[in-house]
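Asker: Give me coordinates for this.
(4 chains)
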Number of protein chains: 4
Amino acid sequence: MIGYGFMGAAHSVGWRQAPRAYDLPGGVEMAVVVGRHADAVAEAAAKWGWLESATDWRAVIARDDIDIVDIVTPGDSHAEIAIAALEAGKHVICEKPLANTVAEAEAMTDAASRAAANGVRSMVGFTYRRVPAVTFLRDLIAQGVIGRVQQVRAAYRQDWLVDPDMPLAWRLQKEHAGSGALGDIGAHIIDMTQFVTGLHVESVSGTLDTIVKQRPLLGSGSGLSGTAAEGFGEVTVDDVAIFTGRLAGGALASFEATRFATGRKNGLTLEVSGDKGALAFDLEDLNALQFYDRTAPGDRQGFTKILVTEPSHPYVAAWWPAGHMLGYEHGFVHQAKDFVEAVTGGTDPHPTFAEGLSVQRVLAAVERSSAEGSAWIPTGA
Amino acid sequence: MIGYGFMGAAHSVGWRQAPRAYDLPGGVEMAVVVGRHADAVAEAAAKWGWLESATDWRAVIARDDIDIVDIVTPGDSHAEIAIAALEAGKHVICEKPLANTVAEAEAMTDAASRAAANGVRSMVGFTYRRVPAVTFLRDLIAQGVIGRVQQVRAAYRQDWLVDPDMPLAWRLQKEHAGSGALGDIGAHIIDMTQFVTGLHVESVSGTLDTIVKQRPLLGSGSGLSGTAAEGFGEVTVDDVAIFTGRLAGGALASFEATRFATGRKNGLTLEVSGDKGALAFDLEDLNALQFYDRTAPGDRQGFTKILVTEPSHPYVAAWWPAGHMLGYEHGFVHQAKDFVEAVTGGTDPHPTFAEGLSVQRVLAAVERSSAEGSAWIPTGA
Amino acid sequence: MIGYGFMGAAHSVGWRQAPRAYDLPGGVEMAVVVGRHADAVAEAAAKWGWLESATDWRAVIARDDIDIVDIVTPGDSHAEIAIAALEAGKHVICEKPLANTVAEAEAMTDAASRAAANGVRSMVGFTYRRVPAVTFLRDLIAQGVIGRVQQVRAAYRQDWLVDPDMPLAWRLQKEHAGSGALGDIGAHIIDMTQFVTGLHVESVSGTLDTIVKQRPLLGSGSGLSGTAAEGFGEVTVDDVAIFTGRLAGGALASFEATRFATGRKNGLTLEVSGDKGALAFDLEDLNALQFYDRTAPGDRQGFTKILVTEPSHPYVAAWWPAGHMLGYEHGFVHQAKDFVEAVTGGTDPHPTFAEGLSVQRVLAAVERSSAEGSAWIPTGA
Amino acid sequence: MIGYGFMGAAHSVGWRQAPRAYDLPGGVEMAVVVGRHADAVAEAAAKWGWLESATDWRAVIARDDIDIVDIVTPGDSHAEIAIAALEAGKHVICEKPLANTVAEAEAMTDAASRAAANGVRSMVGFTYRRVPAVTFLRDLIAQGVIGRVQQVRAAYRQDWLVDPDMPLAWRLQKEHAGSGALGDIGAHIIDMTQFVTGLHVESVSGTLDTIVKQRPLLGSGSGLSGTAAEGFGEVTVDDVAIFTGRLAGGALASFEATRFATGRKNGLTLEVSGDKGALAFDLEDLNALQFYDRTAPGDRQGFTKILVTEPSHPYVAAWWPAGHMLGYEHGFVHQAKDFVEAVTGGTDPHPTFAEGLSVQRVLAAVERSSAEGSAWIPTGA
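Answerer: So this is what the prediction gives:
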């Protein structure tokens, strides 16, 4: 695993728990964590249960005893590491978004394509696909229960930037993060929309905004929990993105990615309206799904809150009895499980790098639309 | 209409709106309001749109131009007025609870029975039966959609007595109110349980309690909005009642009536569990019904929130398009409509005085059970 | 009252109930309903409690005994009637949207302005302003409890057009309705946003769409409940409108007005995010308000569901005890009350025609933006 | 760990994750799982990551390299194993309920007491205490934010016995399970009530019932997922328990434990009403807490939904950013953490065996009350 921030902790849970919850073919050995600062990465490796730590990712990639490379670094380093790993014949999981630019994502997708010819697998870490309720939502749409998709509403709302004293972390700097709310959380709702509907976002019109334009420089710490130092710096990424997309087939999808939704902590919501029904999901109530069935008797229609905790629901049989809730990190366990099964079974796991590239193209089109006065931009996705 | 407190206002809305929302056979003329204080009752009559006011209810009952007597006085006067009105050949609506004692309720039921032989109609004012969602809930149970009733949970939770400075209104004095939370709000959930299930509460075990035992004497004002005077008086009724009932056929029903549920303003909730499904209602969300269908596909089961605002739902066609909400007073409009239709159509409206007596018997059995250490007491209901 | 459709019924409740719930200066006499078809309008007048009916609105406007003209006709006739009434010295309530075009709305606003100089009052019927929770939400923002407004999300979601067999009612024809979801329900959320924040929508970028482009011709009946005849006609208005607005001061507001939100019946939702807190409202739970207070202790923050049913809340003291719910038509009662008080008190009621014109300008700008590829259009509002 | 059923899986997650999420003093080595069937227990040990398996618990307890014994067997074996382990000087976690009878629980508490004198620690596994929202609820009550506790409502509602074909598992047989819904899930709500209020249930009046009295014999499998064989057997435990308790100081608490709440999967709900506020919890929304503050301004009071996912909330700092949800098994991780910290820190963890005994006494009093016609029985708790 390359990187050891907040995502490193989550991926570690995935690797640790997957073989304990599921009967996986082959064993999973948590080999080595790589990071820039030797002491800190050694501490992380010890705490999370990895056998070793290292500071040189190229050396680790070269090792024969490493089969899988899991990339959880900031987006600006994804392309270089992933391409090198794929070329070294390692199976790669790369945290989302796939890259900071379309060009990088294209290079990565090319590399993945060449590697696949040799049986080397790759996957992007849109773990929310693997929340059981999301997977089940996708299954229900695929089964036709809501008919033809006519509208989608997707939003990801957080509020951690409402506080003007929140310091200038790497996620707020364009050179590291690529983009702000759009690339970090907007990427999730684009992928989720495309995943559950099976339809690409073909064109977009949107607006990016930066509500708080200057923030205290980052002192000690990192990520979301850093503390402020003296002096101020420029926020060079968006903190709100609002855009409308046209899906293949013509349905309209509205998107909002914001860190200024006061009181909303991790409010990813999705609602898909079809001509036979509707489905809705809320990440702050992630074990449930809302389902409206227009074919039910007229006086009994309504949104049904399905607890997606039955053994018959995706991924759930390995866990607890009905009504016992799963949490955030279960998506990482399911991701590890599916990746190991794909690698050992010789199949391509999803989301592929090509799917990650598709999201990247939508992101780029939104940025361009915003720059061009919200003009409609084809995504090429 | 005899009486002009808060219930008088609500009944007035009923009489005023019913002929405007529904095509009623015959007209409705709001003739006269009767009360003890001439000025106050005259003011109420003028404001609420009654043609006259009066202070002598016996004189009014004797008038030939009065067809219907609507009794909204405190419970201790119900029996005398209702029996006199019925004997004078007037159709009677009597606010719940029917009376303060079983003996009074029996006398009233006898009077109603004799009057019925002459085509004189009578009804108790359990208006919550006529919230569309409650009527529809009853209909669904009657259609068998939840199968055999196995458990009922009914609660009525308010919090206006949590404040120890709330003064000693008539509702807190046994000689006027008969009982406290039990008789006032517990009566509603007993009636609703019997109404929706079609099953009587055959025996009960329960506990009454008075959490705040002394309160400031009532100064000016009345009802719930009175202000405190100097000095304290004894609260002589219960403010919490918790009891378990056995329904005909054996199902267990749990009941709670309380004015100490901090934060709950008018929280009447009902949940009926059957072997094929369940139904739940909450008066603080009174346009909705929750329906669980055990016969649905296993992975799609859940509570469906039905908005009971479709034209096909009971009472609703006369009102607004789907999704436009009804409020508290619509139950009084529906009550007035049904009563007028019954009177003009020559049928007996429900709830009958006999049903009111049945509730009274359950209330009396709960009081006795509490006095006898929660022993199980047959209700005779 | 000119017109007698669904809005006529709602306005009638307003005029009938306002003097019974509130102590209004001067009486309210429900004089005459005007409509094209003599029999039908006579029937409506009788049912709703108006003294007379008539077919010639000009004759009615000319009558000396008429003080107030209430216009509830389709939008294409608003300007002509309202201007005539104002010029005849009648106080005017005009149902929303104020008109079908900006030019009409401007003429009406001019007429209102001239009339005001003579003490003649006018008002647009955005009744949702007078849902107690909405008025209270506005009051809280005005008091500064959520600080500076940074984002607004407003949506009005219905689903009655999801059914492709729903016939071609006047609301779906541009010549009568002016616009579709945008003008009918989008107007509400534009007005509500401007009302509660006190900020105009200064520019917009948006997209209109018509998902079902042909519908059965209308047979008998009218409005939402008409039945289909043979043959098909073109839907000439939008059924989905998605747009982003920039408020005075820079906040971003996102809007959606749709009749294709499967399962949403009358889902008007509003969320205002400020730097000190947030407020949210949902018309399907119209007695409640959600309030998030960022100044509360960090470990106790959350959305507080305030039941706006306390006597201290706007409009509520005239109604029932806390926790007793109000419904859709109470907004019309409050509107009638406020209008009568303004007329008798010699003050200008809100929303003024100028405010209605402001909404109209935003609507027009959205249409133009949609026609110009979602370009940002200044509204002039 | 002795036992390897569903609870064994949950406890294994606890032991595995605790040292990865928290910085625990000393290491945690998952040594050996003990079970009756050699092959099955070996398989469980391998899957869950234990170093060894064994079939003779006495031999394991005798080993010097074992410090902690974790007992997850059915209740009828708890006393024998726990007492032996304590006498062997091992620290003991015993799954709830502590035992099947008060006599056993007393013997265990005595043994724990003797062992404590030698620095040997013991704890009962009421893990729901360690759901962050529950711990935080307790903290808030202890801080006085809701004032004096006046009423408690506690319920645990499941529906897995509504299906009459569910076979006769050990949990439905008195000789193994001790009691049914009462002992299994009722124990949780008794403990939680006592834990959060700090008050004992001093007397009870209640009713037990068995709604489905005969069930198919158990074929293959075990626990909740067993399949039916031919023939029927008697259900010898309760499947519904409804009881009222009087807490120290006089507050009334109502309890319901049922497996016939159709549609409720794991619905543990708790509401505590105080004279200054109220707190409510729902295990099906386990990351949230509802808090009503009567001391807030009158027009802004309401239930605040606190997401208990902030770093300042109990246990949360070790996990994910705010708004990222925890699940069922996190309680087991927190339990393992607290137990290891207590053992290494030389303090007594809670809940103690004495607290487990207290719950057992309440359970016994409820059974006796039910047998004696719901008479009030002092618990001695």
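Asker: On the three-state scheme, the nearest residue to residue A:27 once chain neighbours are set aside is what?
Answerer: Leaving aside its sequence neighbours, residue A:27 sits nearest to residue A:19 (C-beta to C-beta, 6 or more residues apart in numbering or on different chains; 6.7 Å). The C-beta positions use only the backbone N, C-alpha and C, and glycine is treated the same way. Recorded secondary structure, residue A:19: helix (DSSP: H, G, I helix; E, B strand; the rest coil).
Asker: any idea how far chain C is from residue A:19?
Answerer: According to C-beta to the nearest C-beta, to the nearest Å, residue A:19 stands 36 Å off from chain C.
Asker: which residue sits closest to residue A:100 in space, ignoring its chain neighbours?
Answerer: Residue A:100's closest residue in space is residue A:178 (C-beta to C-beta, 6+ apart), at 3.1 Å.
Asker: For that neighbour, report the pLDDT, please.
Answerer: Looking at residue A:178, its pLDDT reads 78.
Asker: Surely it touches residue A:79?
Answerer: No - with contact defined as C-beta atoms under 8 Å, residue A:178 does not count as touching residue A:79 (11.0 Å).
Asker: Comparing these two, which residue is more hemmed in?
Answerer: Each of residue A:178 and residue A:79 had its neighbours counted (other C-beta atoms under 10 Å in any protein chain shown), and the higher figure belongs to residue A:178 (26 against 22).
Asker: tell me the contacts of the more buried one?
Answerer: A:75, A:76, A:97, A:99, A:100, A:101, A:237 (C-beta atoms under 8 Å, 6 or more residues apart in numbering or on different chains).
Asker: 10 Å - rerun?
Answerer: A:74-76, A:78, A:97, A:99-101, A:104, A:171, A:184, A:187, A:237, A:360, A:363-364, A:367 (C-beta atoms under 10 Å, 6 or more residues apart in numbering or on different chains).
Asker: do residue A:156 as well
Answerer: A:128, A:181, A:184-190, A:192, A:241, A:255-259, A:261, A:264, A:266-270, A:283.
Asker: what's near enough to touch the closest residue to residue A:234 other than its chain neighbours?
Answerer: Nearest residue to residue A:234, sequence neighbours excluded (C-beta to C-beta, 6+ apart): residue A:214, at 6.2 Å. By C-beta under 10 Å, 6+ apart, residue A:214 lies in contact with A:164, A:168, A:232, A:233, A:234, A:235.
Asker: And the residues you listed, which two are furthest apart?
Answerer: The largest separation in the contacts of residue A:214, counting by C-beta to C-beta, is between A:164 and A:234 at 14.0 Å.
Asker: where do the contact lists of the two overlap?
Answerer: A:214, A:215.
Asker: How about stretch A:240-257 and chain D, any contact?
Answerer: No - Stretch A:240-257 stays clear of chain D (C-beta under 10 Å from any C-beta of the partner chain), getting no nearer than 14.5 Å.
Asker: What's the end-to-end length of that stretch?
Answerer: Using C-alpha to C-alpha, to the nearest Å, the end-to-end distance of stretch A:240-257 comes to 6 Å.
Asker: I'd like to know how many residues surround the residue nearest to residue A:38 when sequence neighbours are not counted.
Answerer: Nearest non-adjacent residue to residue A:38, counting by C-beta to C-beta, 6+ apart: residue A:55, 5.3 Å away. Neighbour count for residue A:55, taken as other C-beta under 10 Å: 13.
Asker: quick one, what contacts residue A:55?
Answerer: Here residue A:55 is in contact with A:34, A:35, A:36, A:37, A:38, A:41, A:42 (C-beta under 10 Å, 6+ apart).
Asker: Likewise for residue A:281?
Answerer: A:128, A:131, A:133-134, A:136-137, A:154, A:192, A:196, A:268-272, A:288-290, A:308.
Asker: Give the phi and psi angles for the most far-flung residue of chain A relative to its centre, as a check.
Answerer: Residue farthest from the centre of chain A, counting by C-alpha atoms, centre = their mean, is residue A:299 at 39.3 Å. The phi/psi pair for residue A:299 (degrees, to the nearest 10) reads phi -90, psi 0.
Asker: about what we covered before: which ChimeraX command selects the buried ones in the contacts of residue A:55?
Answerer: Here is the ChimeraX command that selects only those of the contacts of residue A:55 that count as buried (16 or more other C-beta atoms under 10 Å in any protein chain shown):
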select /A:34,35,41,42
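Asker: Among the contacts of residue A:55, name the ones in helices.
Answerer: A:38, A:41, A:42 (DSSP state H).
Asker: Now render these as JSON lines, adding pLDDT.
Answerer: Below are the ones in helices among the contacts of residue A:55 laid out as JSON lines (pLDDT from 0 to 100):
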{"residue": "A:38", "pLDDT": "96"}
{"residue": "A:41", "pLDDT": "96"}
{"residue": "A:42", "pLDDT": "96"}
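Asker: From the chain's centroid, how far away is stretch A:159-170?
Answerer: 21 Å (C-alpha atoms, centre = their mean, to the nearest Å).
Asker: how about that stretch, does it reach chain C?
Answerer: Yes - among the residues of stretch A:159-170, A:159, A:162, A:163, A:164 lie within reach of chain C under C-beta under 10 Å from any C-beta.
Asker: Select from those the one having the most neighbours.
Answerer: That'd be residue A:162 among these, by other C-beta under 10 Å, with 27 neighbours.
Asker: Phi and psi next, for it.
Answerer: Dihedral angles (degrees, to the nearest 10) for residue A:162: phi -60, psi -40.
Asker: what about the residue nearest to it when sequence neighbours are not counted, which SS state?
Answerer: With sequence-adjacent residues excluded and distances taken as C-beta to C-beta, 6+ apart, residue A:162 is closest to residue A:262, at 5.1 Å. Under three-state DSSP, the three-state class of residue A:262 is coil.
Asker: Could you give the number of residues near residue A:262?
Answerer: Residue A:262, neighbours per other C-beta under 10 Å, totals 28.
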